[in-house]
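J.: Here is my input; please provide its structure:
(chains A and B)
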Amino acid sequence: MEYTEIMVRYGELSTKGKNRKSFIDRLHGNVARVLKDYPDLRMRPHRDRLHIELNGVDAKPVMEKLKNVFGIQTFSLSVEVSKDFEDVKKKAIEMMHEAYKPGMSFKVGTKRSDHSYYLDTNQINLQLGDAICDEFPGIDVEMKRPDIKISVEVRQDGIYLSYLTIKGAGGLPVGTAGKAMLMLSGGIDSPVAGYYALKRGVDIEMVHFFSPPYTSEQALNKAKELTSKLTAFGGNIKFIEVPFAEIQETIKANVPEGYLMTIQRRFMLRLTDLLREKEHALAIFNGEAVGQVASQTLESMLAINDVTTTPILRPVATMDKTEIIRIAEKIDTFNLSIQPFEDCCTVFAPPSPKTRPNVEKTRKFESVLDIDGLIERSLAGVKITTIEHGDHFMESNQENINSLL
Amino acid sequence: MIYFDNSATTKIEESVLQTYNAASLNYFGNPSSLHKLGLKAYELLETSRKQIAQLMGFKPYEVVFTSGGTEGNNWIIKGTAFKKREFGKHIITTSIEHPSVMNSMHQLEELGYEVTYLPVDKTGHVSAKDLKDAIRDDTILVSTMAVNNEIGSIQPIHEMARVLDDYPNISYHVDGTQAIGKNIDDKFIDPRVDFYTFSGHKFHAPRGIGFIYMKSGKQLEPLMAGGGQEKNLRSGTENTPAIAAMAKALRLLKDNEAQKADKMLKLKSELIEHIESLPNTHVFSKIADDFAPHIICFTIDGVRGETVVHTFEDRDIYISTTSACSSKKGLESSTLKAMSTPEKVATSAVRVSLDENNTEAEMKEFIKNLDQIHQHFQILN
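T.: Alright, predicted model coming up:
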């Protein structure tokens, strides 16, 4: 069947009163960015629905992309029919043939915004139901939990039929909850933390530390590619790369080994916080999980967090590694995350870092360093790019490979 | 030339060879290398694995690459025997297996394992009941072929699998070397089967490459220890060009599989009907649901199989005595022997094995020559 449009139902935002319009605008913008490769689609945002006219575009890949966008409760594929009721019957029966398997039950549900239409809601339900029962003798009608629900919408411009309702990602449209920085390493956890931030409508900007020549260009590209994966949920994401080699070398030369990691992390947090101020963001997200590694014990968190009062949100703090991996697989970042490139955390990792660093000692060891100078030089080398949905940074030969196979 | 020896090996497909060459030249990195040439080769390797899994209905991590059918059979049988030796040392197989299975079993017997060889009936089929009767408390493995390489009989895999449903601790291996791509997946792909063996050169891929299916959660003792390739199961630098070529060959094979099988079956039926009209012949392959569409095993009575093969060869037609692997040893067919065929008849057996490229015209030509050869040898009767 040739479908004519996708009807998107908003999620939680219906409850958000005055902000409704800005929510809808955000969602519309996010959807548009995620679907930017389909210029023929026409979007019409309404108070309670977003209509995406297909104009001949194949609905399948479009729906795959919509499934990820936060702020969408459900969506359905519908077909526009003329107001001739015989046409409506014909299309509804065609739909049933597509959906029906022996033993399935059905119902018809009608909404009528065009009150001038000559049939009322009940008449439409009954007449369409009858037509379907005639076509499928013995089919069960089930009001509460039908296997197939044929939805009919009578609008001014036509009648819309649909039967498939697909669950969206839920959450809030990205950007409606303000902006925050995400410390993105390239491992498994931070992209998952980013996913949860996006889910609650937070517009995230990536802060990635890189230390050439200790870390490779591939590690940087991997972080960018991970960012690109996260654009599926709400569109473009800013990527900020922060040079970190000088700071790491200086720390390594001047600080007792047990405290290398703690002090490196404090620098990362300081830099992230300064970038946050510059970007007018409100909080910092990271992928720390309590007790997972030495830098993520509560003692370490306290000693590292010591450098700022900015809220630091840790969405995966209480999750087991296996739970985190499950989400990483779901959002398709796992296979990328496990690619074996050295990142800046592993290169300078001491063999036995303090799992219980002392805040006072940390401050003391750090005091010998030219903190301001190091920070200033690092910030001077910061590079900012915007990553759009569909951008690729890892050298992929998939197309060549596919033609080979 | 007429090539009717496709169960021995197939001719590599031109486009498959192109894939092999392109992969050798452009993806020559070692998939384990950290640099981008390594990554590129790794990507090719894993995409190939994914494609093969998808075509077979397996999961990518259930596909492990080997050097071919012999390695696959050796590995699954010995790897299971070694892994499960604490639980028992009894193995069940059939009396008509390929030498790579038979001789693996003999090696295990020397190491103290006990092997039961299931008999076959007159048509070359084992019975699920015999399998059930052979199962003991210490049975660790059942290994049966899907399609017999000498006469083409399809073994009752589903029936045996249902017997084994009651014995979840017994591993079930099926050698699918002759079964792949013959449109009989519904007869030998069964969820109870834990391991399958497949070989690339039986479907127009290069020599020296194959793959096994290893059901998720199952374990095998590696036979190749080394650098830890294939998730530490089968060490040795991956043969990426051959793997890519095999992935492509399998895709081509699976394309219009049903139509190709129909075509082979039609040629097979034509030949069988014709041989049956000739006096002093035997045909062991039947036109039936429990026979594969590509193998025809028959005799011109009184003439040694070898003589028949060479007589056809003189006419630029290539067939085989019953199995290429044993054909040089001049032994009578072991499958036919297991079927209680008199030795005098069995030594006359030859095998025609078709592929999807064989044509109606080739079969007509073959039959014409067969008539002449058959006629000539009647002086011996």
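J.: who in the stretch 1-150 of chain B is up against chain A?
T.: B:19, B:22-23, B:26-27, B:34, B:36, B:39-40, B:43-44, B:47-48, B:51 (Cβ under 8 Å from any Cβ of the partner chain). Bear in mind the C-beta positions are built from the backbone N, C-alpha and C, glycine included.
J.: Just the buried ones from those?
T.: Buried residues within those, counting neighbours by 16 or more other Cβ atoms under 10 Å in any protein chain shown: B:19, B:22-23, B:26-27, B:36, B:39-40, B:43-44, B:47-48, B:51.
J.: Can you give me the pLDDT of A:V62?
T.: pLDDT recorded at A:V62 is 93.
J.: Now do the SS call for it.
T.: Under DSSP: H, G, I helix; E, B strand; the rest coil, the three-state class of A:V62 is helix.
J.: ok, and the closest non-adjacent residue to the residue positioned nearest the centre of chain A?
T.: Closest to where the C-alpha atoms of chain A average out (Cα atoms, centre = their mean) is A:F233, at 2.6 Å. Spatial nearest neighbour of A:F233, chain neighbours left out: A:L198 (4.6 Å); criterion: Cβ to Cβ, 6 or more residues apart in numbering or on different chains.
J.: give the contact list for the one you found.
T.: The contact partners of A:L198, by Cβ atoms under 8 Å, 6 or more residues apart in numbering or on different chains, come to A:70, A:171, A:174, A:204, A:230, A:233-234.
J.: Now, the residues you listed that are in strands?
T.: When DSSP state E is applied, the contacts of A:L198 are split such that A:I204 fall in strands.
J.: Lowest-confidence member of the contacts of A:L198, which is it?
T.: The member of the contacts of A:L198 with the lowest pLDDT is A:G234, and it reads 87.
J.: Give me the nearest residue to that residue, chain neighbours excluded.
T.: That would be A:V174: by Cβ to Cβ, 6+ apart, it lies 2.6 Å from A:G234.
J.: what does A:P315 give?
T.: In space, A:P315 is closest to A:Y196, 3.6 Å off (Cβ to Cβ, 6+ apart).
J.: Give me the distance between that neighbour and A:I204.
T.: 10 Å (Cβ to Cβ, to the nearest Å).
J.: can you check B:A23 too?
T.: For B:A23, the distance to A:I204 - Cβ to Cβ - is 40 Å.
J.: Equivalent analysis for B:S24, please.
T.: From B:S24 over to A:I204 (counting by Cβ to Cβ), the distance is 44 Å.
J.: So between the two, which is more surrounded?
T.: More crowded of B:S24 and A:I204, by other Cβ atoms under 10 Å in any protein chain shown: A:I204, with 26 against 14.
J.: Name whatever forms a beta bridge with A:S105.
T.: A:D140 (DSSP bridges).
J.: For the stretch 251-381 of chain B, which segments count as strands?
T.: Assigned by DSSP state E, counting those that start in this stretch, the stretch 251-381 of chain B shows strands spanning B:281-283, B:295-300, B:317-318, B:320-321, B:349-353.
J.: rewinding a little: for the strand or helix carrying the residue nearest to A:F233, the averaged confidence score.
T.: Per DSSP states H and E: A:L198 is located in helix A:189-199. On average, the pLDDT along helix A:189-199 is 96.
J.: send the alpha carbons of that helix over as PDB?
T.: Extracted C-alpha coordinates of helix A:189-199, given in PDB (Å, rounded to 0.1, in the frame of the first residue of the first chain):
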ATOM      1  CA  ASP A 189      29.900   4.400  29.700                       C
ATOM      2  CA  SER A 190      30.000   8.000  28.600                       C
ATOM      3  CA  PRO A 191      27.900   7.600  25.400                       C
ATOM      4  CA  VAL A 192      25.300   5.800  27.600                       C
ATOM      5  CA  ALA A 193      25.400   8.700  30.000                       C
ATOM      6  CA  GLY A 194      24.900  11.100  27.000                       C
ATOM      7  CA  TYR A 195      22.000   9.000  25.900                       C
ATOM      8  CA  TYR A 196      20.200   9.400  29.200                       C
ATOM      9  CA  ALA A 197      21.000  13.200  29.300                       C
ATOM     10  CA  LEU A 198      19.400  13.500  25.800                       C
ATOM     11  CA  LYS A 199      16.400  11.400  26.900                       C
END
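J.: now that helix: how far from the chain's centre is it?
T.: On the basis of Cα atoms, centre = their mean, to the nearest Å, helix A:189-199 sits 8 Å off its chain's mean C-alpha point.
J.: Could you do stretch B:31-38 as well?
T.: On the basis of Cα atoms, centre = their mean, stretch B:31-38 sits 34 Å off its chain's mean C-alpha point.
J.: just stretch B:35-53 next, same as before
T.: On the basis of Cα atoms, centre = their mean, stretch B:35-53 sits 26 Å off its chain's mean C-alpha point.
J.: again, but for stretch B:315-323
T.: With Cα atoms, centre = their mean, you get 18 Å for stretch B:315-323.
J.: okay, that stretch in CSV with CA atoms only?
T.: Coordinates of each C-alpha in stretch B:315-323 appear next as CSV, following Å, rounded to 0.1, in the frame of the first residue of the first chain:
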residue,chain,number,x,y,z
ARG,B,315,35.4,-38.3,-24.3
ASP,B,316,36.1,-35.1,-22.2
ILE,B,317,33.4,-36.0,-19.7
TYR,B,318,34.3,-35.9,-16.0
ILE,B,319,32.6,-38.0,-13.4
SER,B,320,33.9,-39.9,-10.4
THR,B,321,34.0,-43.3,-8.7
THR,B,322,32.0,-43.0,-5.6
SER,B,323,34.0,-40.4,-3.7
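J.: What lies in contact with that stretch?
T.: Contacts with stretch B:315-323, where a contact means Cβ under 8 Å, 6+ apart, come from B:1-5, B:7-8, B:98, B:149-151, B:297, B:305-306, B:308-309, B:312, B:327, B:333, B:335-336, B:349-353, B:365-366, B:369.
J.: Tell me which of the buried ones among the residues of the stretch 1-150 of chain B next to chain A has the lowest pLDDT.
T.: Among these, B:K36 has the lowest pLDDT, at 83.
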